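>>> A structural model of the following input is requested.
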Amino acid sequence: MRHNYRRLFFEVIDNVSGMLQEQFLDFKDFAFLDLVNPHCFINWKNSVPPEKLELLEKIYGTHIKLSLLEQQLLFIHRDSDFHKASSQELLDYINNLNLQSCFSEVFKLLLLNATIAISSLSLERSFSCLHRIKTYLRNWMEPELLACLCWISVQRDILKELENISLLHPLILDKFIEKPRSLNLVFK
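Sure, this is the predicted structure:
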């Protein structure tokens, strides 16, 4: 009996460590968000770091005009009125003064910064949902399938929203229809 608990413990730890690695896999790709980090403004008064702009162009290049963004950032980095405690305060400052049109590209980047969840909130929710997912019956499940079940449990609010607007069931059916099967899945 003790041997089973020990094996279960190590399987859970392996699964959680795999989720940790997956959660922070793309962390370096979001280094461009330092462009709107007020703590970095003092270091960049004379130029905008080109490596940060390259990262931004690689991921969101079609949505942001980089030359205009660079000019707006240079102005913001030099002006001490824009040096706030956080990027959220900078966003509020631009909103309160109605400067969205003057700093359109910086405003887009600030909104992007506000919407990208780099925090570990979903990972923390994964820890709490793992005890519901990892039952004795699911102990022998493939790690990929277990990880998918954890993500479904963590993102259940998105699934409920899709279900409420009647999009979930057609999406699932379309996904099943894509794969060749011996059963004829016809939905009437």
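>>> Might one say that residue 36 is in contact with residue 111?
No: when contacts are counted by Cβ atoms under 8 Å, residue 36 is not listed as touching residue 111 (9.8 Å). Any C-beta I mention is one placed from the backbone N, CA and C, and that applies to glycine too.
>>> more crowded one of those two?
Here residue 36 and residue 111 are compared on neighbour count by other Cβ atoms under 10 Å; more neighbours surround residue 36, at 24 against 13.
>>> ok, and the closest non-adjacent residue to that one?
Using Cβ to Cβ, 6 or more residues apart in numbering and skipping residues adjacent in sequence, the residue nearest residue 36 is residue 87, 4.8 Å away.
>>> got it, and residue 100?
Of all residues not flanking residue 100 in the chain, residue 107 sits nearest, at 4.9 Å (Cβ to Cβ, 6+ apart).
>>> What separation is there between the one you found and residue 55?
Between residue 107 and residue 55 the computed distance is 19 Å (Cβ to Cβ, to the nearest Å).
>>> Any buried residues in the helix or strand hosting residue 114, and which?
Taking DSSP states H and E as the definition, one finds residue 114 inside helix 104-115. Residues of helix 104-115 classed as buried: 105-110, 112-113 (neighbour count, 16 or more other Cβ atoms under 10 Å).
>>> now for that helix, which elements pack on it?
In this structure, helix 104-115 packs against helix 66-78, helix 87-96, with contacts taken as 3 or more Cβ pairs under 8 Å, 6 or more residues apart in numbering; DSSP states H and E.
>>> Select, out of those, the one closest to residue 32.
Across these, residue 32 has its closest neighbour in helix 66-78 (10.2 Å, Cβ to Cβ).
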